Every structure is written in structure tokens, then in C-alpha cells.
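Undergrad: 3D, please:
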Amino acid sequence: MTIFRHIARGFLFASSLTAAQEAAQPAEFEHAGVTASWAKYADVLTFGRGQTLALLDDGCTMSKPEWQAVVEGVPKVRVTYDAVDGDDDPKHEGKGYHGSTIGIPSSVNHGSKRGVAFNNQIAIVRSLECCHCKVADSASLARALQWVIDHHVEHHITTVNLAPVDDQEHGEPVATEIDAKLATLRELGVWVSAPAGNHNFTKGISWPASQPNCFAIGAVAPGKEVVVLDRSAKVDLLVPARATSSSNAIVCGSAMILREAIEKSGYPWQADGKNIAEAMMKIFHDTGKPVEDKASGQTFRRLDLLAALNHVMKKSTP
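TA: Residues are numbered from 1 along each chain as shown. Model prediction:
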């Protein structure tokens, strides 16, 4: 295909997305370079196909049409599990509500809406009663993470959205049962990230994002290079969003796309990290936009998916 045909196809893809397919979070996706990545790499990447994202949250209403969707013969939901009760029914119980929607920004492919990695599958794992958690929920979260360890090969799980927040300002890690599971997943190259929290803390972030071997994801205001919500030196990356749960969902989808780009291009990721998860974060960091935050005294990097893909695919921005 000539460069002119490639550009034309990218333009048509972007135009059709605007007319018929809408980004799940339009302002956020544009700011993070997601929609530009869809257009530029429409002929190259599949945007999540063959990969599964594990959503570890407080359950899900499985009757929602988004999670009943079948795209090109592939069910959006690949598998479900309840690590609290030990069965396969992840329905909300008690105070649960959040897990029914947390997969939208990363994964939806229904009606007119598309998430970042819209062709992926998801594994819905009920991991605790409510996303607004306590450190005491570490026991069931550890069981959920162990389930991912045990089944990641079987279900092609490359990425984990560890969605809970305890809404506290942790300046240091809090040792619990999840730490050994997180270390194992990191060694396996499975991406695990969690939202930093939404209280404008400047010296600490929520557990479990506070833990080693879990990438902590903060936020900038959509359309602005202004750091918002919880942050500390532990935060690995900022993503445009109105809540860090959405920041984390967007970066989970982005990690799936970057992983595919690395595999298809043969990019030598070993120079960037001990495992592919760490290498991907370094790529996101090194290609991201620096954002200075006077309130915390930190300079962070903001996700630019297109820049990360260009780096891996050795292509320049047109």
C-alpha cells in the first residue's frame, strides 16, 4: 500500500469513527493519542484482538448489553469468576456497583461506542464487595490475583485492571497478601495497574496502587496539561481523565495495543526492562509529555499512545 493510500485509509477510519463509531471518552482519547493511533495504525494493529483484560473489581451486572456483545463471532466476556465466594457468578453483592462500567473506557465495542482496545476480550473477576475498599480486603484480592496467575495462559490475560481504591493518602506501601501475587505477575510480564485515587492528595495515593509491582496511574484534566486528583512520587504515569479509575482503564487498553505493536514490529523491549510490563511502562514514560506539578513538587509523564507506538514501530508522526 502506498503512503497516500495509507493516509487516505487512516482519514476514512477517523471519519467513520466520528460518524458511526464514537470513542467511549472522546476528549480523553484525543488528548491521550488514542484516536490518532486508531487512524494511523488501522492497517497494522488489531486493537486488542487475541488478548484478555482481567477486570478485578466489585462484580458486574452481566445482563448489560455491552457485556453480552459478540463481535465477529467473539464474545466480549471470555470468562467470569467470583474470588469472594469461589464461584463463577460475578454479580454485585452488598455495596458493589463499580465493575459494571469500569471496562467501558478500555474495552467496549457495542453500538456506537468503542473503548481503547475495542477488539479485546475481558475476564470479569469479582474481587471484593465494593471498589471503595479497605486494606482488609487484601485476602480476597489476593485470591483474585492468584486466579489470574493460574489462568493467564489459558485465557490469554496480558493485562490486569486492579480497580479498587481505599481513598487514603499512603506515602509508603502497606504490606499485605497481595504483594507476592503482584511480584509474580510482574515476573510473568502481565501488566497490572491501579488508580491513584480521586481526593487531590499530593503526598500519597490509594492502596493498592501504592504497592510495589503495581503501576500507579494518576490524571491530568482532559484537554489540559494540569495534574489533578491523587498523586505522589509513586505515580508512574498520568492519563487524561475525570477520575483515576478512567485513567487506569485507558492505560490498560493502551498497554494491550502497545504489546501488540511490540510483537508485530519485533521491537527489542529487553533493553527497556526486566520484563515486558516494565519495558512498556518505560516506553510510555519516555515518550510521554512531561507535566510539572507544583502542588506535589513532582514532574510526571502524561500518556501519549501515538508517540509510544511511533517509537516502537519506528514511524514518525505525519
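
Undergrad: Pro173 contacts Gln211, correct?
TA: Yes - Pro173 is in contact with Gln211 according to C-beta atoms under 8 Å; the separation is 5.2 Å. Placement of C-beta: from N, CA and C, glycine included.

Undergrad: of these two, who's got more company?
TA: Gln211 (22 against 15; other C-beta atoms under 10 Å).

Undergrad: and Arg301, which of the three is it?
TA: Three-state call for Arg301 (DSSP: H, G, I helix; E, B strand; the rest coil): strand.

Undergrad: what's the spacing between it and Val227?
TA: 11 Å (C-beta to C-beta, to the nearest Å).

Undergrad: Touching both of these two, which residues are there?
TA: Listed as contacting both Arg301 and Val227 by C-beta atoms under 8 Å, 6 or more residues apart in numbering are Leu238, Val291.

Undergrad: which residues touch the residue nearest the centre of the chain?
TA: Closest to where the C-alpha atoms of the chain average out (C-alpha atoms, centre = their mean) is Cys252, at 1.5 Å. By C-beta under 8 Å, 6+ apart, the contact list for Cys252 reads Leu53, Ser106, Val116, Ala117, Thr159, Val160, Asn161, Trp191, Ser193.

Undergrad: Let me know the closest of those residues to Lys40.
TA: Val116 (14.5 Å; C-beta to C-beta).

Undergrad: ok, how many other residues are close to that closest one?
TA: Val116: 32 neighbours (other C-beta under 10 Å).

Undergrad: in which helix or strand would I find it?
TA: Using DSSP states H and E, Val116 is not contained in any helix or strand.

Undergrad: correct me, but it touches Ile104?
TA: No - contact criterion C-beta under 8 Å: Val116 and Ile104 do not qualify, at 10.2 Å.

Undergrad: tell me, what's touching these two both at once?
TA: Ala24, Ala249.

Undergrad: Roughly how far does the nearest residue to His199 once chain neighbours are set aside sit from Phe201?
TA: Nearest in space to His199, with sequence neighbours left out and distances taken as C-beta to C-beta, 6 or more residues apart in numbering, is Asp230 at 5.7 Å. To Phe201, Asp230 is 4 Å away according to C-beta to C-beta.

Undergrad: higher neighbour count, those two?
TA: Of the pair Asp230 and Phe201, Asp230 is the one with more neighbours under other C-beta under 10 Å, namely 30 against 21.

Undergrad: taking the contacts of Cys252 as a set, which two sit the farthest apart in space?
TA: Largest pairwise distance in the contacts of Cys252, by C-beta to C-beta, is 15.2 Å, between Val116 and Val160.

Undergrad: thinking again about what came up before, who has more neighbours, Arg301 and Val227?
TA: Shown here are Arg301 and Val227; by other C-beta under 10 Å, Val227 has more neighbours (25 against 18).

Undergrad: Now do the contacts for the more buried one.
TA: The neighbours of Val227, taking C-beta under 8 Å, 6+ apart as the test, are Gly218, Ala219, Val220, Leu238, Val291, Asp293, Ala295, Ser296, Phe300.

Undergrad: by contact count, what packs against the helix or strand the first one falls within?
TA: Just to be clear, that refers to Gly218. For Gly218, the host element (DSSP H and E) is strand 215-220. Judged by 3 or more C-beta pairs under 8 Å, 6 or more residues apart in numbering; DSSP states H and E, the packing partners of strand 215-220 are strand 191-195, strand 227-228, strand 237-240, helix 244-265.
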